[in-house]
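predicted structure and sequence below. I'll ask about it afterward.
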There are 2 protein chains.
Amino acid sequence: MKKSFSLAPVSLLAVAREAGVSRATASLVLRESPLVATETRERVQEVMKRLGYIYNRGAANLRQNRTHTIGLVLPNIANPFFSKLTAGVDEINDTNDVVCFIANSNESVDRQARQLQRLREHNVDGVIICPAVGSCQTLLDDLERLKLPFVQALRQVSSDESDYVAADYATGIEKAVTHLVRTGRRRIMFVGNTNVHSAAQARYEGFMRAVALHHLPQTLIVSGGAENTYDEAVFDTLLNSSDPPDSAICYNDIMALNVINRLQAHGIAVGKEFAVIGMDDLPQASASYPALTTIGTGPRDIGRAAANLLQARLENPERSREHIILSPQLIIRASCGENADLG
Amino acid sequence: MKKSFSLAPVSLLAVAREAGVSRATASLVLRESPLVATETRERVQEVMKRLGYIYNRGAANLRQNRTHTIGLVLPNIANPFFSKLTAGVDEINDTNDVVCFIANSNESVDRQARQLQRLREHNVDGVIICPAVGSCQTLLDDLERLKLPFVQALRQVSSDESDYVAADYATGIEKAVTHLVRTGRRRIMFVGNTNVHSAAQARYEGFMRAVALHHLPQTLIVSGGAENTYDEAVFDTLLNSSDPPDSAICYNDIMALNVINRLQAHGIAVGKEFAVIGMDDLPQASASYPALTTIGTGPRDIGRAAANLLQARLENPERSREHIILSPQLIIRASCGENADLG
DNA sequence: GCGGTCTTTTAGATCGATCTAATTGCAGTT
DNA sequence: AACTGCAATTAGATCGATCTAAAAGACCGC
């Protein structure tokens, strides 16, 4: 006993016919044009509701040149840091009536290129991208060729003239070193990557800046590898030397937690004999023991800023390029001896 | 004397003209139809490459009824658990040449409804949804009205006949209780939500099943609230009673870490006097001190399974509904006295 | 009744692909 | 020369909206 449901979805034409107006008028009603007489508008709206009309953006997109769609290309969407960024982007999108394609480059430039191509085919208005490790000028060329407006987030390929949002890693690291110095540390290590991408470079630069500022030893560097590993042989050698380090600044929280484990295996009391500071303020930083001092880089805010910046760019393609650099925040917890502050 | 650069992006028509064939033939080349002569195909492909042709799926979608697009609606995309699920979905999508809109319902049914409407307007082929707390039959009605094929993940609205992928929470909890009993625990608490949604219910049911199986006390329940809180007054009362609990199974890892903090504040040695088990195996579970025993629910696998199931449904709308229930895994760490196994 | 102004409505082209139903060309038969 | 069969190609309609340019209708003053 089925009711006479039309199998085909209701189009604007169907609405127009039912309401006794033309497609054009119905379209004007959709877009709330003041041209339409009140009486007509209400009649059409009533019909839309009654027939269960659903706006087909795909059709509209064909005619216009905006799809209200953006792409978000990240190196690792399973990483909580990036998912906070995603949440920030989504927040802004929701208020702008924009939806977001998510794509995982998995730190592979090939996959990244494929994802961009795919997004382009789906006619996204623009993309927010955190370039995969190994991205180079080719990425920018691709974006240019695809005529894709974009904002880089967190990392950037070359220091060229493009929109860019990130935390001020260098200053964050510098603040952290200064905090350690104030609490009496002098032999401070840097553990982690120094040049895989712009964000790594910035951290290293911040460290070296602080080293110069406070006249600290310059050789306490333990280089990092893929997947948050570091050179454990060098690490151990430094620890066993006659004048061992008394603290470490790590590339990120994951690495810092690994470092803490290794220190504990060496029988070193973290937070007293030895101070450790991470970066990112992941949830596991506060859950660890001892709780990890870290440099919070505000991924959610970065996401929000990137989404806003992309919208601004889309609204005015001629506006001048903008770099938004957010200040990170030092979050002091037990791993650097929170009570040892010497003023 | 302008060169014939078209500012407008290259369309299939432009390609066809340049190659001296019709739109139809060019279209056949695109879709690698065997109807086209080899010589023609190669010529057209060469022109596509030369002009930098980009396929416009939007236009194709208008004619066909698949967009190669799905929606993923989650209650909290910033949560690492859900972002692992997202990564699993993305993995499958990448191999299927499908892209994914991500939407955050933020545990709000209204926002969830708005997101679904928006996804529908963008003509997604289907959605994977983890219903927001408070979702009811209305959600299913909406999906029906929008004619959106869907797969529910992790939680389900009513135990109706729809595609569904989740972990077997009940069995997971039961396994955990059994492990505690084997290591000599008898007074086991359950801390957390018992009925906000199907996943909470399943956990509670698993607990009660184990309680019955091992003839354990039935009254050691501490109910949970929003945002991973729990009834601390009841918790303290139980701890201070004459016959206090000796272990706790918690709704999830976050709650378990909160519980551990509170136990430590009570001066209780977690992992010795008192065992704690969480659920989800978040990164912070292994980073905590003591490291948290937990029930791993494999979010990435759930994401993969959901994406595969949705594709199967789209390929054959008539196939019978399927429930995929994955087995969780007990990951034993220090918080439940890993060395105390009595066999 | 006629031109002018203003409001409201609409016909028809358009976006860029796909799909159907031919049509063309060519080889082989009769 | 006419016919059949097959491979390759194509004209034109179509999806569902938007946009332009023009038309229709109402109202006014003279």
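In hand now; what should we look at?

okay, now A:Gln329: neighbour count?
When neighbours are counted by other C-beta atoms under 10 Å in any protein chain shown, A:Gln329 registers 14. (Each C-beta comes from the backbone N, C-alpha and C, glycine too.)

once you drop chain neighbours, what's closest to it?
A:Gly296 (4.6 Å; C-beta to C-beta, 6 or more residues apart in numbering or on different chains).

just checking, next helix/strand downstream of the host helix or strand of A:Ala285?
Element membership for A:Ala285, per DSSP states H and E: helix A:283-287. With elements assigned by DSSP H and E, the helix or strand that comes after helix A:283-287 is strand A:293-296.

who are the contact partners of the residue nearest to A:Gln329?
A:Asp280, A:Asp281, A:Pro328, A:Gln329, A:Leu330, A:Ile331 (C-beta atoms under 8 Å, 6 or more residues apart in numbering or on different chains).

relative to DNA strand C, how far out is A:Glu227?
Between A:Glu227 and DNA strand C the distance is 40 Å, computed by C-beta to the nearest atom of the strand, to the nearest Å.

so what's that residue up against?
Taking C-beta under 8 Å, 6+ apart, we find A:Glu227 in contact with no residue.

for it, phi and psi?
Here the main-chain torsion angles of A:Glu227 (degrees, to the nearest 10) amount to phi 60, psi 40.

contacts for stretch A:283-294, please.
Residues outside stretch A:283-294 that contact it (C-beta under 8 Å, 6+ apart): A:80, A:176, A:253-254, A:256-257, A:260, A:270-271, A:275-282, A:330-336, A:338, B:80, B:254, B:257, B:282-284, B:287-290.

end to end, how far does it reach?
End-to-end distance for stretch A:283-294: 11 Å, by C-alpha to C-alpha, to the nearest Å.

and stretch A:289-299, by the same measure?
OK, stretch A:289-299 end separation, C-alpha to C-alpha: 24 Å.

now do stretch A:114-133
Termini of stretch A:114-133 sit 15 Å apart (C-alpha to C-alpha).

hmm, that stretch touching DNA strand C?
No: using C-beta under 7 Å from any atom of the strand, stretch A:114-133 stays clear of DNA strand C, coming no nearer than 8.8 Å.

circling back: from the contacts of A:Gly296, which land in helices?
Using DSSP state H, no member of those falls within helices.

quick one, which of those are buried?
The neighbour count (16 or more other C-beta atoms under 10 Å in any protein chain shown) marks A:Asp280, A:Asp281, A:Pro328, A:Leu330, A:Ile331 as buried among the contacts of A:Gly296.

just the closest of these to A:Gly303, please.
A:Asp280 (14.0 Å; C-beta to C-beta).

okay but the closest one is in contact with A:Thr297, surely?
Yes: at 5.8 Å, A:Asp280 counts as touching A:Thr297 under the criterion of C-beta atoms under 8 Å.

which neighbouring elements make contact with the helix or strand containing A:Val234?
Counting by DSSP H and E, the element that carries A:Val234 is helix A:232-239. In terms of contacts (3 or more C-beta pairs under 8 Å, 6 or more residues apart in numbering or on different chains; DSSP states H and E), helix A:232-239 is packed against strand A:221-223, helix A:253-265.

right, is the last one up against chain B?
Yes: in this structure, helix A:253-265 sits against chain B according to C-beta under 8 Å from any C-beta of the partner chain; the contacting residues are A:Ile254, A:Leu257.

what residues of that helix count as buried?
A:Asp253, A:Ile254, A:Met255, A:Ala256, A:Leu257, A:Asn258, A:Val259, A:Ile260, A:Leu263.

hmm, who's touching it?
Here helix A:253-265 has contacts from A:191-192, A:224, A:228-230, A:232, A:235, A:239, A:248, A:250, A:270, A:274, A:276-282, A:284-285, A:288, A:290, A:292, A:294, A:335, B:283, B:287, using C-beta under 8 Å, 6+ apart.

identify the residues contacting A:Trp40.
Careful, residue A:40 is Thr and not Trp. Each residue near A:Thr40 by C-beta under 8 Å, 6+ apart is listed here: A:Val21, A:Thr25, A:Val29.

mind putting those into a markdown table with distance to DNA strand C and secondary structure?
Converted to a markdown table, the contacts of A:Thr40 look like this (distance: C-beta to the nearest atom of the strand, whole Å; DSSP: H, G, I helix; E, B strand; the rest coil):
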| residue | distance to DNA strand C | secondary structure |
| --- | --- | --- |
| A:Val21 | 4 | coil |
| A:Thr25 | 4 | helix |
| A:Val29 | 8 | helix |
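
ok, and of those residues, which contact DNA strand D?
Within those, nothing lies near DNA strand D by C-beta under 7 Å from any atom of the strand.

in the residues you listed, which residue is surrounded by the most others?
Neighbour max across the contacts of A:Thr40 (other C-beta under 10 Å) = A:Val29, 24 neighbours.

how many neighbouring residues does the residue in the stretch 101-250 of chain A that DNA strand D sits nearest to have?
Nearest residue of the stretch 101-250 of chain A to DNA strand D: A:Asn123, at 12.7 Å (C-beta to the nearest atom of the strand). Using other C-beta under 10 Å, A:Asn123 has 20 neighbouring residues.

now the residue of the stretch 201-343 of chain A found nearest chain B: how far from A:Val191?
Closest approach between the stretch 201-343 of chain A and chain B, counting by C-beta to the nearest C-beta: A:Tyr289, at 2.5 Å. As judged by C-beta to C-beta, to the nearest Å, A:Tyr289 and A:Val191 stand 19 Å apart.

more neighbours: these two, which one.
Shown here are A:Tyr289 and A:Val191; by other C-beta under 10 Å, A:Val191 has more neighbours (27 against 18).

my read: A:Asn79 touches B:Ser83, true?
Yes: taking contacts as C-beta under 8 Å, A:Asn79 lies within contact range of B:Ser83: 7.4 Å.

more neighbours: those two, which one.
Taking other C-beta under 10 Å, A:Asn79 and B:Ser83 do not tie; B:Ser83 has more neighbours (29 against 21).

pull the distance from the helix or strand hosting the more buried one to the chain's centre.
Assessed by DSSP H and E, B:Ser83 sits inside helix B:80-96. Distance of helix B:80-96 from its chain centroid, counting by C-alpha atoms, centre = their mean, to the nearest Å, is 9 Å.

cool, thanks, signing off.
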